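Visitor: Generate coordinates for the sequence data below:
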Amino acid sequence: MPDTLGELSAVELSAAIRDKKVSAREALADHLERISEVNPAINAVVTLDPEGAQALALRADQLTASGAALPPLHGLPMTHKDTNNTAGMRTTQGSLALRDFVPAADDLIIARLKAAGVVSTGKSNVPEFGAGSHTFNDLFGTTTNPYAPTLSAGGSSGGVAAVVAARVQSIGDGSDMGGSLRIPASFCNVVGFRPSTAVIPMPSDANAYAWLGRTGPMARSVEDIALFMSVTAGKDPRVPHPAGLDPEVFRASLEADMRGVRIGWSRDFGIGVPVEAEILEHLERQLAVYEDLGAVVEEATPDFSEADLVFGNTRALDFAAGLGPILERAGHVIKPEVHWNVEKGFALTARDLIETAAARSRLELSVQDFFGRYDLFASPCAQVLPFDATLRYPSDIAGVPSETYLDWMRSACLLSATGLPVLSVPAGFSSTGLPIGLQLATNHYADMQLLRYGRAFEQQTGYAAVAPVMTAEAAPLTTVSA
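Guide: The predicted structure is shown next:
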């Protein structure tokens, strides 16, 4: 066994627990000890329930001893993203407005993880209401990067990315509207997966038809991503979307033959999206991995010229629907970026919505034209390397000034606008040792094929196995305005 069980994959640790090589209580003790070791430096875990977790682990060990059939993630300890409701456990969404909120019910993704045997231990940090891809808030402070604890871990699933990278746990649940699984994955050298629409359903009283936001996993291997999906995917009657994908899909083989696979690569999405030069140079070298496996890599892109409009207006509408009521009650303690997005949503006119629907239709036609010629779209995941964690967001991207807190996230937001499944895989490190992620996308509901393509790259490179060197020293940080 390794020095910390957190170094094991979810596949390995769950097998060890099932085979009685490790007990659920031993796995939990290792998990809690690792949190105490690394959390002072990265501030990723913001709520912890060791007593409740110990009771769950004891019950898991009793189930093991009984000889009963064991669920797929039996005894696996896991903190959860603080935007995902956890019954009986504080869920704040990183906001002073919800500092004492304890939900009565689990969100669907949490309920399915618990049914799969997960031992819930606590919550990981998020930007307030998941707004933005840098994890800081006035309630818990800033989460930083295990590879460089004065720099950003990304967001909004930054706490999840940090604990997975720091070997606290092997997998974690996150969510992604504008890159919230993919950008922190890129920053923290882990895998982040945004599934197709409603593959993991997201029931909502405010808007059950919402399509832009997704829930999904982070892990250090594509194999663990598939395991996570196999227990969380599947139709829910409260969500009126197509049936999505049967969870059995994710239990199929991950082997892929890349010979003849056609990959379209874009540096700037065909619309001049600024990306730091070192990221582009590094990723273009990494594409040779696919060429060596027999794939054909060419410069090609769907037409993203209207994707900013689709994303911006849809996000604003969703923010207004979801967060408008809480702003009315407690807006004085909620950050300005959330106010801006909600106000933009309420200002949308009927003409704006008509134009957005038409632009989304044209974007879909372009996407289908692209996938009529190519199997995979590859692009930079993040436009910048991990940045100073005291900033609210980067003031410029490759010399181009930022006008809003979303500008540096466009590389992810543009793909969100398509609704496609998207994967970020570790693609190596900068000259200063900072992680860089490669963003991959396939056509709708080709999620398992996308995981196969990602695993083919992962098997040839093994970048996620490079662990951060962690110390327990806390980084003194003060979030400032950019």
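Visitor: can you map out the strands along the stretch 51-200 of the chain?
Guide: Here the stretch 51-200 of the chain has its strands, by DSSP state E, counting those that start in this stretch, at 77-81, 119-124, 136-137, 141-142, 144-145, 148-152, 171-176, 191-194.
Visitor: so where's the protein shaky on pLDDT?
Guide: Scanning the chain for pLDDT under 70 picks out the ranges 472-482.
Visitor: Tell me the residue in it that is farthest from the middle.
Guide: residue 66 (36.1 Å; C-alpha atoms, centre = their mean).
Visitor: Could you report the distance from that residue to residue 253?
Guide: Residue 66 sits 32 Å away from residue 253, going by C-beta to C-beta, to the nearest Å. Yep, even glycine has a C-beta here, placed from its N, CA and C like the rest.
Visitor: ditto for residue 11
Guide: 14 Å.
Visitor: which of those two has more neighbours?
Guide: residue 11 (18 against 8; other C-beta atoms under 10 Å).
Visitor: What is the three-state secondary structure of the more buried one?
Guide: helix (DSSP: H, G, I helix; E, B strand; the rest coil).
Visitor: I'd guessed it sits against residue 223; true?
Guide: Yes - contact criterion C-beta atoms under 8 Å: residue 11 and residue 223 qualify, at 5.7 Å.
Visitor: what about the helices in the protein?
Guide: Ranges of helices in the chain, per DSSP state H, are 10-18, 24-42, 50-66, 108-115, 158-165, 182-188, 222-232, 277-286, 288-292, 307-330, 336-346, 350-371, 410-418, 447-461.
Visitor: in stretch 14-23, what counts as buried?
Guide: 14, 16-18, 22-23 (16 or more other C-beta atoms under 10 Å).
Visitor: which residues touch that stretch?
Guide: 1, 5, 8, 13, 24, 27, 57, 60-61, 64, 70, 72-76, 117, 227 (C-beta atoms under 8 Å, 6 or more residues apart in numbering).
Visitor: Please spell out the ChimeraX selection for the buried subset of those residues.
Guide: A single ChimeraX command selects the buried members of those (16+ other C-beta under 10 Å):
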select :5,8,13,24,27,57,60,61,64,70,72,73,74,75,76,117,227
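Visitor: Residue nearest the middle of the chain, spatially speaking?
Guide: residue 181 (1.6 Å).
Visitor: does residue 125 really touch residue 143, like I thought?
Guide: Yes - using C-beta under 8 Å, residue 125 is in contact with residue 143, at 4.4 Å.
Visitor: The two: which has the busier surroundings?
Guide: residue 143 (36 against 33).
Visitor: my guess is that one meets residue 133, correct?
Guide: No - look at residue 143 against residue 133 with C-beta under 8 Å: they stay out of range, at 11.9 Å.
Visitor: okay, and the common contacts of the two?
Guide: Contacts common to residue 143 and residue 133, judged by C-beta under 8 Å, 6+ apart, are 155, 158.
Visitor: re earlier: now do the shared contacts for residue 125 and residue 143.
Guide: 43-44, 135, 158-159.
Visitor: So which of these is surrounded by the most neighbours?
Guide: Top of the shared contacts of residue 125 and residue 143 by neighbour count (other C-beta under 10 Å): residue 135, with 37 neighbours.
Visitor: mind listing what that residue touches?
Guide: Residue 135 touches 94, 125-127, 142-143, 152-156, 158-159, 184, counting by C-beta under 8 Å, 6+ apart.
Visitor: likewise residue 307?
Guide: Contacts of residue 307 (C-beta under 8 Å, 6+ apart): 269, 363, 413-414, 417-418.
Visitor: what sits against residue 224?
Guide: By C-beta under 8 Å, 6+ apart, the contact set of residue 224 is 9-11, 170-171, 191, 217.
Visitor: ah, wrong one, I meant residue 77
Guide: Residue 77 neighbours (C-beta under 8 Å, 6+ apart): 24, 27-28, 31-32, 53, 57, 118-119, 121, 169.
Visitor: need those residues in TSV with distance to residue 204, can you?
Guide: Below are the contacts of residue 77 laid out as TSV (distance: C-beta to C-beta, whole Å):
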residue	distance to residue 204
24	33
27	33
28	32
31	31
32	33
53	28
57	32
118	23
119	27
121	26
169	27
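Visitor: and which of these is nearest residue 303?
Guide: Checking the contacts of residue 77 against residue 303 with C-beta to C-beta, the nearest one is residue 169 at 40.0 Å.
Visitor: Give the burial count for the closest one, as a bare number.
Guide: Residues near residue 169, counting by other C-beta under 10 Å: 29.
Visitor: Quick check: the gap between it and residue 203.
Guide: For residue 169, the distance to residue 203 - C-beta to C-beta - is 26 Å.
Visitor: same thing with residue 149?
Guide: 37 Å.
Visitor: Let me know how buried the residue lying closest to residue 444 once chain neighbours are set aside is, in neighbour terms.
Guide: In this structure, residue 444 finds its nearest non-sequential neighbour in residue 196, 5.4 Å apart by C-beta to C-beta, 6 or more residues apart in numbering. If you count neighbours by other C-beta under 10 Å, residue 196 ends up with 23.
Visitor: For residue 196, give its distance to residue 132.
Guide: If you go by C-beta to C-beta, the gap between residue 196 and residue 132 works out to 24 Å.
Visitor: what does stretch 227-239 rub up against?
Guide: Outside stretch 227-239, the residues touching it (C-beta under 8 Å, 6+ apart) are 10-11, 14, 71-73, 108-109, 112-113, 115-116, 171, 173, 193, 195, 198-203, 208, 215-217, 219, 243-251, 447, 451.
Visitor: Try it again at 6 Å.
Guide: With contact meaning C-beta atoms under 6 Å, 6 or more residues apart in numbering, stretch 227-239 is reached by 10-11, 72, 108-109, 112, 116, 171, 198-201, 203, 208, 217, 243, 245, 247, 250-251.
Visitor: hmm, which of those are the buried ones?
Guide: 10-11, 72, 108-109, 112, 116, 171, 198-201, 217, 245, 247, 250.
Visitor: which of the residues you listed lies closest to residue 345?
Guide: residue 198 (21.9 Å).
Visitor: Quick check: the closest one touching residue 240?
Guide: No - using C-beta atoms under 6 Å, residue 198 is not in contact with residue 240; the gap is 8.9 Å.
Visitor: Next up, phi/psi of residue 391, please.
Guide: Backbone torsions of residue 391, given as degrees, to the nearest 10, read phi -80, psi 150.
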